[in-house]
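Q: Quick one, fold the following:
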Amino acid sequence: MDVLSVIGIILAFAAVLGGNFIEGGHFSALFNLPAAMIVIGGTLGAAILHSSWASVSRAGKILLWVFNPPSLNVYQTSDKILHWSMTARKEGLLGLEAIVETEEEYFAQKGLRLLVDGTEPEAIRRALEVDLYLIESRDLKAARFFECMGGYAPTIGIIGAVMGLIHVMRNLADPSELGSGIATAFVATIYGVGLANLLFLPIANKLKGVVQQQYQYNEMIVEGVIAIAEGENPRSIEMKLQGYVDHN
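A: Next up, the predicted model:
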């Protein structure tokens with residue numbers, strides 16, 4: 001559980017709602033169903049139109065990363081790579097064959113298989129870096145779905161405000177209808193700007209950060225596998241991996 005995400009969301013909404021309450025406002029004044037339908041529905045529809053089905057589907061899956069990001073144990077994986085290098089140095093690359101079957105991580109397993117098959121280091125790098133790039137690209141596109149929502153929401157909020165004002169102008173002769181129209185106008189703007197800056201954009205940036213962490217983690221595995229393929233000394237490999245460990 002990412003405690004900072006929970007704290008951030010609670011603090012953001014508590015500050016806005018609390019400030020409104022201290023100023024004498026009522027919470028009920030901020031709840032308006034027509035405004036919510038316009039802003040949330042319009043924003044979601046625009047973002048879906050902007051994106052591909054694969055990106056929308058992936059966005060729904062990685063949304064949980066905001067509160068429960070993938071567990072990436074850089075220290076443990078670094079030690080594991082060093083163990084591979086010492087095994088390869090003592091028993092040869094074929095000595096890694098038994099490790100392949102027990103390895104669960106995709107990049108590690110694929111890299112080890114290529115090592116055991118005797119693939120040239122440069123060919124291993126090309127094969128793994130293609131996967132590295134495609135996975136990062138897929139997840140960044142999914143994160144940008146929420147960035148799109150953050151971009152569209154304020155504008156949709158303005159559309160809701162204009163629609164509310166149109167309703168007001170059409171009912172100037174009936175004072176009983178003015179209140180609901182003005183409420184929809186202002187609340188729609190609050191929804192659009194608030195959701196964009198308190199939820200959608202922070203979520204997008206949070207997910208981008210998680211994707212970047214995963215990229216660096218997988219890059220460490222790739223560099224470790226390539227170093228083993230090139231026959232580097234375990235001590236040299238340890239020094240190379242230390243940079244990933246220190247900056248984690």
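Q: residues in contact with the residue positioned nearest the centre of the chain?
A: What sits nearest the mean C-alpha location of the chain, by CA atoms, centre = their mean, is L207, with 1.7 Å. Contacts for L207 (CB atoms under 8 Å, 6 or more residues apart in numbering) come out as 62-63, 65-66, 139, 142-143, 146. Every residue, glycine included, has its C-beta placed from N, CA and C.
Q: Tally up the residues packed near E147, please.
A: 19 (other CB atoms under 10 Å).
Q: my guess is it meets A204, correct?
A: Yes. If you go by CB atoms under 8 Å, E147 and A204 touch, sitting 3.8 Å apart.
Q: For I40, grab the count of nearby residues.
A: 16.
Q: So it versus K80, what's the distance?
A: Separation of I40 from K80 (CB to CB, to the nearest Å): 45 Å.
Q: ok, now L49?
A: L49 is 44 Å from K80, by CB to CB.
Q: ok, now G118?
A: For G118, the distance to K80 - CB to CB - is 22 Å.
Q: again, but for K240
A: In terms of CB to CB, K240 sits 15 Å off from K80.
Q: Would you mind giving me the PyMOL syntax to select the buried ones in the contacts of L207?
A: Those of the contacts of L207 that count as buried under 16 or more other CB atoms under 10 Å are selected in PyMOL with:
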select buried, resi 62+65+66+139+142+143+146
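Q: Is it possible to get TSV of the contacts of L207 that adds secondary structure, pLDDT and distance to V193?
A: Formatted as TSV, the contacts of L207 follow (DSSP: H, G, I helix; E, B strand; the rest coil; pLDDT from 0 to 100; distance: CB to CB, whole Å):
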residue	secondary structure	pLDDT	distance to V193
I62	helix	94	25
L63	helix	93	21
W65	helix	93	25
V66	helix	92	20
D139	helix	95	27
A142	helix	95	24
A143	helix	95	21
F146	helix	96	16
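Q: which of the contacts of L207 sit farthest apart?
A: For the contacts of L207, the farthest-apart pair by CB to CB is V66 and D139; their separation is 13.2 Å.
Q: residue contacts, V66?
A: So V66 contacts 2, 5, 203, 206-207 (CB under 8 Å, 6+ apart).
Q: let's see 10 Å
A: 2, 5-6, 8-9, 146, 199, 202-204, 206-207, 210 (CB atoms under 10 Å, 6 or more residues apart in numbering).
Q: returning to that earlier point: neighbour count: L49 and K80, which is higher?
A: K80 (17 against 9).
Q: and that one, how far is that from A98?
A: Distance from K80 to A98, by CB to CB: 14 Å.
Q: Please apply the same query to P202.
A: 45 Å.
Q: Then M1?
A: 36 Å.
Q: likewise F31?
A: From F31 to A98 the distance is 61 Å (CB to CB).
Q: again with S52
A: In terms of CB to CB, S52 sits 41 Å off from A98.
Q: ditto for S71
A: 25 Å.
Q: before we move on, what about F186?
A: 67 Å.
Q: swap in M163?
A: 67 Å.
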